[in-house]
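> Got a predicted model here, sequence first, then my questions.
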Amino acid sequence: MKIDINWALLSPELTLIGGALVIFIVDLIFRRRARYLHLPLAIITLAVASWLLSSLGWNYQSTVADSFFTDRAAIFFKLIVYLGTFIILLLAEGYRPLSRYPLPEFTGLILLAASAMSFMVSSKDLILLYVSIEFASIVSYILAGYMRDNVESAEAGLKYFLFGASSSAVMLMGFALLFYVSGGVTNLPAMGQALVENNIHPAFIIIAFGLVAVGLSYKVGAVPIHGWVPDTYQGAPTPIAAFLSVSSKVAGIAVLLRIIIWLLPQESAIMGPWTMILSFSAMASMILGTTVGILQMNLKRLLAYSAIAHIGFVLIGIIVGMNYVTYTGNDFGKVSVLIYVAGYLFMNLGAFAIVNMIGNATGGYELHHYRGLASRKPVLALLLAVFLLALAGIPPTVGFIAKFYVLAAAIKADFIALAVVGILTSVVSLFLYARVLKVMYMDKPPKEEIPSKPIPAPSWAAVGLCLLGTLLWGIYPGPLIHFAKFCVKQIWLQ
Amino acid sequence: MFSDYAVVGITIIVSLGFVAVAIVSAWLVRPKRPSKLKQSTYECGEKPVGSGWVQYNVRFYLFALAFVVFDVEIIFLFAWAVVFKDLGIFGLIEMAVFIFILLFGLIWAWRKGALKWV
Amino acid sequence: MSSPTEFLDTLLNITPTHYLVVAFALFAIGLAGVLIRRNAILILMGIELMLNSSNIVLLAAGRSFGLQEQSAGVFVVFVITIAAAEAIVGLALILACYRKWRDVSADRFNLMKW
């Protein structure tokens, strides 16, 4: 038996795993003497992985018996995941409550999670897909409950676990049924073909896809399984909340995109029902995220609900991309998904970074901690305002470009209802974010002084990166749009 | 074809029947004089202390974790051993890496003091 | 001479449908356990039941397609491994919560709401 493996394709993921192992080993050998070594090691690992990724070339390639592939879109999603991981590593350095717990393991686990998400993006085989989704989930459970002596973190971890384990068990049943009805095929494109050719009753496929949808909806935090999002974000260490809200969701979106491309060919009989299910999920996510978000008194919870609403927007892009396919170019649904994801990375991580800094300075995440912040910490208040306005979709930021592209795609493809709900909820979401601005700029600051602790340099670097992305691509979005179109162009090759 | 497995089936039925007959006849014939001492829990002649429903010490849990590491490894080792000759040197290296990672997990747990009875 | 399990299949007239019925019953029991039970450990047991029911579906598929049995078996081995890893992490998290609340009832974990 000869196994052909193109190691170059696997090298970014293997580098990340190797880097994590090195961090564990260094920690084990040198213990406290090497206490500051883990961050440089992790950053070097990420840099090497990104370099290996960019040297792969843009063309479609696959290896290990056609179960692992890369193409332009996969590289795009992986770069987003790595960039998100990098920013989160910088944030974790400035997160005070974490310093009581072993940090090298924390960093190593983040690298392992990044490699798992990378595998998720690249898997073309049912078994690899399931294993990588679970790998990412299990590492995330540990990270969410990492501050185990902190009641809220432990509770956040447990809730994340209970939701995640049960919905992934449901998803596995969906995978098993698909495996059954497709005649024992695990390669995803072949499975999609088999589903069409085997003449299976549509009801059966709808059930199987519904079960898979439960698992994916948990992974991206969209409506049916959104219950864990606010609780986990509030309780988990802030950098991990940011990690779950960006890298983890981006990987989930990539999987969703691949599944609709491979398993739902255009001639599939269940396009209609599937579109309806996704539309319901998108609308419910947007409406619930904005309306319940307005009532929140805790900034991390508020950002959690805003994340649910943003996933609703991404789902609009996916619905359009699934229904209106042009195999050659101008595939605006999928292009809008890529643009949205890239913009969301910068603005959401920026908001979390500032919330993290303010939490360190004032010691809390409740809204009353933000009273009169503008007069006491003008720079932080201004930066938070920029990121929140970007999340709301105000013009000179990337948030506007992202929302504009998604809504334009929906209107162009005649999904008027989705577009109307999207526009209305983004108007309402303005109140959600403006509430924070009002508290910061209009309310009187409390009497007592806040202890001014120095903010570590890595946090500033993270914020700078996010600000650059948010504003630069907001003012000059051309390169981002071109790059997204370039990446989508080859998404059909198998 | 049937006869091979019929032997197994008959053996099962006969052995079950033998046990059933023995238990039922003993139950019919034996005298029944229960006393307090007879009904107490049998603990090798010792008097049982406390309830049987005790909570196990949480510390056992850490050892259970280390056990599972090797417990699950065995599944892969069996599958690997079956096709060992076909896989050749590549399979050997793969499995060495796999076992190294598992072993490292154990060493890590050891150095972090997870194997100590605190 | 066929294998013992195949012999039993023909003797009792077991088709893949029978396996599926067993698997779906197990799945329903597990799901009911997850939704109804309040004790975190019992929820975990329900999840394990659901995973194992999927294993039965996979193996039934492998049996009915003969040649493809390998990929079904591989899938099942990975599912078992993942179930073990998931159970370990889950138990550790339950333990961390137990230390705080002295209770593992899911109703108790209500520090954060809405």
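Yep, it's here.
> I'd like the next helix or strand past the helix or strand of chain A with the lowest mean pLDDT.
Ranking every helix and strand in chain A by mean pLDDT, DSSP states H and E puts helix A:373-376 at the bottom, with a mean of 80. With elements assigned by DSSP states H and E, the helix or strand that comes after helix A:373-376 is helix A:378-392.
> counting contacts, what elements does that next one pack onto?
If you count contacts as 3 or more C-beta pairs under 8 Å, 6 or more residues apart in numbering or on different chains; DSSP states H and E, helix A:378-392 packs onto helix A:332-362, helix A:373-376, helix A:398-412, helix A:416-441, helix A:457-475. For glycine as for every other residue, the C-beta is placed from the backbone atoms N, C-alpha and C.
> so that helix versus helix A:457-475, what angle?
Orientation of helix A:378-392 against helix A:457-475 (axes from the mean of the first three to the mean of the last three C-alpha atoms, to 10 degrees) gives an angle of 40 degrees.
> what is the mean pLDDT for helix A:378-392?
For helix A:378-392, mean pLDDT rounds to 89.
> Equivalent analysis for stretch A:262-280, please.
The model assigns stretch A:262-280 a mean pLDDT of 79.
> in that stretch, what's buried?
A:262, A:263, A:264, A:268, A:269, A:270, A:274, A:275, A:277, A:278, A:279 (16 or more other C-beta atoms under 10 Å in any protein chain shown).
> So, low pLDDT: which residues of the chain?
Went with chain A since none was named. Scanning chain A for pLDDT under 70 picks out the ranges A:1-3, A:34, A:265-269, A:325-330, A:448-452, A:492-494.
> That was the other one, I meant chain C.
Looking at chain C by pLDDT under 70, you get C:1-13, C:66-69, C:103-104, C:106-114.
> one more time with 50, if that's ok
For chain C, the stretches with pLDDT under 50 are C:1, C:114.
> tell me the centre residue of it?
residue C:51 (2.4 Å; C-alpha atoms, centre = their mean).
> do you know how far it is from chain A?
Distance of residue C:51 to chain A, given as C-beta to the nearest C-beta, to the nearest Å: 5 Å.
> for that residue, what are its contacts?
Residue C:51 is in contact with A:169, A:172, C:79, C:82, C:83, counting by C-beta atoms under 8 Å, 6 or more residues apart in numbering or on different chains.
> would you list those in CSV and tack on neighbour count?
As requested, the contacts of residue C:51 are exported to CSV (neighbours: other C-beta atoms under 10 Å in any protein chain shown):
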residue, neighbour count
A:169, 28
A:172, 28
C:79, 23
C:82, 21
C:83, 22
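> which residue packs closest to residue B:92, ignoring adjacent ones?
Spatial nearest neighbour of residue B:92, excluding adjacent residues (C-beta to C-beta, 6 or more residues apart in numbering or on different chains): residue B:84 at 7.9 Å.
> neighbours of that neighbour, just the number please.
13 (other C-beta atoms under 10 Å in any protein chain shown).
> Residue of chain B nearest chain A, please.
For chain B, the residue closest to chain A is residue B:86, as judged by C-beta to the nearest C-beta, at 4.3 Å.
> pLDDT score assigned to that residue?
81.
> Could you list every helix and strand in contact with the helix or strand hosting it?
In the assignment (DSSP H and E), residue B:86 maps to helix B:84-111. Here helix B:84-111 touches helix A:7-30, helix B:60-82, going by 3+ C-beta pairs under 8 Å, 6+ apart.
> Run the chain-centre distance for the longest one.
The one in question is helix A:7-30. Here the centre of helix A:7-30 is set off from its chain's centre by 23 Å, with C-alpha atoms, centre = their mean, to the nearest Å.
> can you dump the C-alpha coordinates of that helix into PDB?
C-alpha atoms of helix A:7-30 as PDB (Å, rounded to 0.1, in the frame of the first residue of the first chain):
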ATOM      1  CA  TRP A   7       3.400  17.400   2.900                       C
ATOM      2  CA  ALA A   8       3.600  20.900   1.600                       C
ATOM      3  CA  LEU A   9      -0.200  21.200   1.700                       C
ATOM      4  CA  LEU A  10      -0.300  20.000   5.300                       C
ATOM      5  CA  SER A  11       2.700  22.000   6.400                       C
ATOM      6  CA  PRO A  12       0.800  25.100   7.900                       C
ATOM      7  CA  GLU A  13      -1.400  22.900  10.100                       C
ATOM      8  CA  LEU A  14       1.500  20.700  11.100                       C
ATOM      9  CA  THR A  15       3.600  23.700  12.000                       C
ATOM     10  CA  LEU A  16       0.900  25.000  14.300                       C
ATOM     11  CA  ILE A  17       0.700  21.600  16.100                       C
ATOM     12  CA  GLY A  18       4.500  21.400  16.300                       C
ATOM     13  CA  GLY A  19       4.700  24.900  17.700                       C
ATOM     14  CA  ALA A  20       2.200  24.000  20.300                       C
ATOM     15  CA  LEU A  21       4.200  20.900  21.300                       C
ATOM     16  CA  VAL A  22       7.400  22.900  21.400                       C
ATOM     17  CA  ILE A  23       5.700  25.400  23.800                       C
ATOM     18  CA  PHE A  24       4.500  22.600  26.000                       C
ATOM     19  CA  ILE A  25       8.000  21.000  26.100                       C
ATOM     20  CA  VAL A  26       9.800  24.300  26.800                       C
ATOM     21  CA  ASP A  27       7.400  24.900  29.600                       C
ATOM     22  CA  LEU A  28       8.000  21.500  31.000                       C
ATOM     23  CA  ILE A  29      11.800  21.700  30.900                       C
ATOM     24  CA  PHE A  30      12.400  25.300  31.900                       C
END
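> what number of residues lie near residue A:115?
27.
> if I look at residue B:23, how far off is residue B:41?
Residue B:23 sits 21 Å away from residue B:41, going by C-beta to C-beta, to the nearest Å.
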